[in-house]
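Asker: build me a structure from this.
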Amino acid sequence: MKERRTRKRYQAIFDILDDDSSGSIDAEELRESSEVLGISLDHIADDMSESDSLSFEEFFQIVNKIFADERQESAAQSRAMKEGYLYILYERLRRKDGSFTLGCFRKTLAAIGLSLGN
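Answerer: Below you'll find the predicted structure:
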């Protein structure tokens, strides 16, 4: 379901970029996609000859991979930030003997949007 919505969005972008309605995007049209998508595809356009073009399926695979890589990187950064935040809070809240109360731990988790459950 989610991939179908994603495909529809990319198809709409593809159709806008396909200035000559040829059903494919040439290097110049691909360069213009950078402005629409907010990502640079110039490196791909630079590798294309004048007769090369991308079908929707090729365009979808390229753009989807770029955004998937960015999402993974963003998720990893988010996890690292949460772990760092947890450690800092632990260091601030732990007792001098090194112990940490369950209540303090729950508050720490809640501060970063997590919970232990019941």
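
Asker: and the helices in this protein?
Answerer: Assigned by DSSP state H, the chain shows helices spanning 2-17, 27-37, 42-46, 56-93, 102-111.

Asker: and the ones you listed, which is most packed in?
Answerer: Burial of the helices of the chain is given as mean neighbour count (mean count of other C-beta atoms under 10 Å); helix 27-37 ranks first at a mean of 16. Any C-beta I mention is one placed from the backbone N, CA and C, and that applies to glycine too.

Asker: would you mind giving the helices of the chain as CSV with mean pLDDT added?
Answerer: CSV is the format used below for these (pLDDT from 0 to 100):
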stretch, mean pLDDT
helix 2-17, 82
helix 27-37, 74
helix 42-46, 74
helix 56-93, 74
helix 102-111, 73
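
Asker: from the centroid of this protein, which residue is nearest?
Answerer: Residue closest to the average C-alpha location in the chain (C-alpha atoms, centre = their mean): Arg71, at 2.4 Å.

Asker: distance check, that one against Cys104.
Answerer: For Arg71, the distance to Cys104 equals 33 Å [C-beta to C-beta, to the nearest Å].

Asker: now do Glu58
Answerer: Taking C-beta to C-beta, one finds Glu58 at 53 Å from Cys104.

Asker: one more: Ser49?
Answerer: Distance from Ser49 to Cys104, counting by C-beta to C-beta: 63 Å.

Asker: what of Ile39?
Answerer: Here Ile39 is placed at a distance of 42 Å from Cys104 (C-beta to C-beta).

Asker: now swap in Gly113 and tell me
Answerer: Gly113 sits 17 Å away from Cys104, taking C-beta to C-beta as the criterion.

Asker: do the same with Ile66
Answerer: Taken as C-beta to C-beta, the span from Ile66 to Cys104 is 42 Å.

Asker: quick one, phi/psi of Ser53?
Answerer: phi -150, psi 160 (degrees, to the nearest 10).
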